[in-house]
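In: Based on what follows, work out the 3D shape:
(2 chains)
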Amino acid sequence: MTDVIDTLVGIAPGSKLDAIRAQRSEARKHAQASYASLFEPKDQGSVTADERHAIAAFVAGLHGEPKTSAFYAAKLPAALGAAVAAEVAAARSKGPYGLFPKGPLSSEDAPGPTWKVSEAGRKALGARLSAAFEHTHMLVFHPRDASAPSLQALLDAGWSTTDVVTVSQLVSFLAYQIRVVAGLSTLASTL
Amino acid sequence: MSTKTTEKTLTPPPHTEPVVFTRDMLDWLPWLEPLAEGEMTERHVASLVDAARIKSPYFRLLARDPAVLEARTRTDKDIFYNPEAGLPRAERELAAAATSRLNGCIYCASVHARFAATYSKRVDDVQRLLDEGVDAKLDERWEAIVAASVALTALPLTFGKEHVERLRKVGLDDAAIADLIGAASFFNWANRLMLSLGVPATQASAAKSS
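Out: Down below sits the predicted model:
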């Protein structure tokens, strides 16, 4: 089975980075198993393949890491891909921002916007994916602003509690995978 | 007409939210219903990897998608616990604590600051990171590790050759740098789950629910 991180970084068998990743063979194997469980699940439950790939392409686009962005965007039907790309262009930001619980840390508060899908995007994506994209933007750029009402917005848009766990894992896994790809690509460029 | 019932978030019991970064043990209260122990299948239980985690509402919530929980847990364990070569455990934990400090995950920071302090014995340095944040004065090696963790966490990502060179200068080899990348990246995964699915509580305050 192809290892997605190896593919995106361009790690060739027998290379120095291949040997380094081999020292953490369980992490390598289960990072790939995490990918497989999210994007090639044995039981996809009520989260469709297009929904999974659309959210992933949105997360990757927000991070601006070119290799992962291209990888996930390529898995989308053309119309959905165009809708995702349009929202990415409008949603790029800097992070992490957000508020701390009121108290001594309030001096470190970095308030910022709660992003909303565009009207055109809402038509193209539908209510369910639009709610997921708005939640995803918060998770990517200002996760410390999370609250129970942000989860309720997902439930109200038709995601079940179990779906919300899957979507949260998917966005958070991507936050990991993209950073590993970016980090190892940088390391590879110095070897 | 068939209408699907919309599910509701949970209202945690009365509790006190911590308002500073701390090495104290904290509780965590979910905003979504974890699986009840009694309704968990063998697959759900296996996804916990450690049987003791069945007592944790966080892991019983994540067990709703057992395949990804199991893979995530096994990834986590190898990144942090594999003693073979690479970055010393204390500094993998330092990267996790620094990432959590920057993202603002008070719960994750408490756990990994405790580990960093235990394994390094540098309690004051770890506490300074919690108190002052990722610009805290530590020493050259720890400052390089924290700076690299920040560059791998903040968006847009800025981790570049200059970070790799700085890490090499303070004694990290390629395997150690790869471990740092793994640890900081993994906490960008963990922080987002912990921050968005529930809320931390001081231990004295939280009702011992479930």
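In: how about the nearest residue to the closest residue to chain B within chain A, chain neighbours excluded?
Out: Closest residue of chain A to chain B, Cβ to the nearest Cβ: residue A:103 (3.0 Å). Where C-beta positions appear, they are placed from N, C-alpha and C, glycine not excepted. Counting by Cβ to Cβ, 6 or more residues apart in numbering or on different chains, the nearest residue to residue A:103 once its immediate chain neighbours are dropped is residue B:19, at 3.0 Å.
In: what do you get for residue B:81?
Out: residue B:89 (7.7 Å).
In: For that neighbour, which residues are in contact?
Out: Each residue near residue B:89 by Cβ atoms under 8 Å, 6 or more residues apart in numbering or on different chains is listed here: B:80, B:81, B:83, B:115, B:119.
In: first to last residue in stretch B:79-97, what's the distance?
Out: End-to-end distance of stretch B:79-97 (Cα to Cα, to the nearest Å): 14 Å.
In: Distance from that stretch to the middle of the chain?
Out: 13 Å (Cα atoms, centre = their mean, to the nearest Å).
In: What distance do you get for the most centrally placed residue in chain B to residue B:26?
Out: Chain B has residue B:108 as the residue nearest its centroid, 4.0 Å off, counting by Cα atoms, centre = their mean. The spacing between residue B:108 and residue B:26, counted by Cβ to Cβ, to the nearest Å, is 10 Å.
In: Also residue A:76?
Out: Going from residue A:76 to residue B:26 by Cβ to Cβ gives 40 Å.
In: OK, contacts around residue 185?
Out: Let's take chain A. Under the criterion of Cβ under 8 Å, 6+ apart, the neighbours of residue A:185 are A:9, A:10, A:67.
In: right idea, wrong chain: chain B
Out: Contacts of residue B:185 by Cβ under 8 Å, 6+ apart are A:175, A:176, A:177, A:179, A:180, A:183, B:152.
In: Skipping its backbone neighbours, what lies nearest residue 143 in space?
Out: Let's take chain A. Using Cβ to Cβ, 6+ apart and skipping the chain neighbours, the partner closest in space to residue A:143 is residue B:195 (4.5 Å).
In: nope, chain B
Out: residue B:137 is the one closest to residue B:143 (Cβ to Cβ, 6+ apart), at 7.6 Å.
In: And for residue B:198?
Out: Counting by Cβ to Cβ, 6+ apart, the residue nearest residue B:198 is residue B:30, at 4.1 Å.
In: ok, which stretches of chain A are helices?
Out: A:4-9, A:16-22, A:25-39, A:49-63, A:66-73, A:78-91, A:119-141, A:148-156, A:161-188 (DSSP state H).
In: okay, residue B:210: pLDDT?
Out: Looking at residue B:210, its pLDDT stands at 41.
In: rewinding a little: what sits against the residue nearest to residue B:198?
Out: If a contact means Cβ under 8 Å, 6+ apart, then residue B:30 has B:10, B:12, B:57, B:58, B:61, B:197, B:198 as its contacts.
In: Surely the last one touches residue B:27?
Out: By that I understand residue B:198. No: the criterion here is Cβ atoms under 8 Å, and residue B:198 misses it with residue B:27 at 9.7 Å.
In: So between those two, which is more surrounded?
Out: The residue with more neighbours, out of residue B:198 and residue B:27, is residue B:198; 25 against 21, by other Cβ atoms under 10 Å in any protein chain shown.
In: quick one, phi psi at the more buried one?
Out: With angles defined as degrees, to the nearest 10, residue B:198 sits at phi -180, psi -170.
In: what about it, distance to residue A:168?
Out: For residue B:198 relative to residue A:168 (Cβ to Cβ), the value is 11 Å.
In: between the helix or strand of chain A with the lowest mean pLDDT and helix A:78-91, how big is the angle?
Out: Across the helices and strands of chain A, mean confidence by mean pLDDT, DSSP states H and E is lowest for helix A:66-73: a mean of 95. Put simply, helix A:66-73 runs at 140 degrees to helix A:78-91, going by axes from the mean of the first three to the mean of the last three Cα atoms, to 10 degrees.
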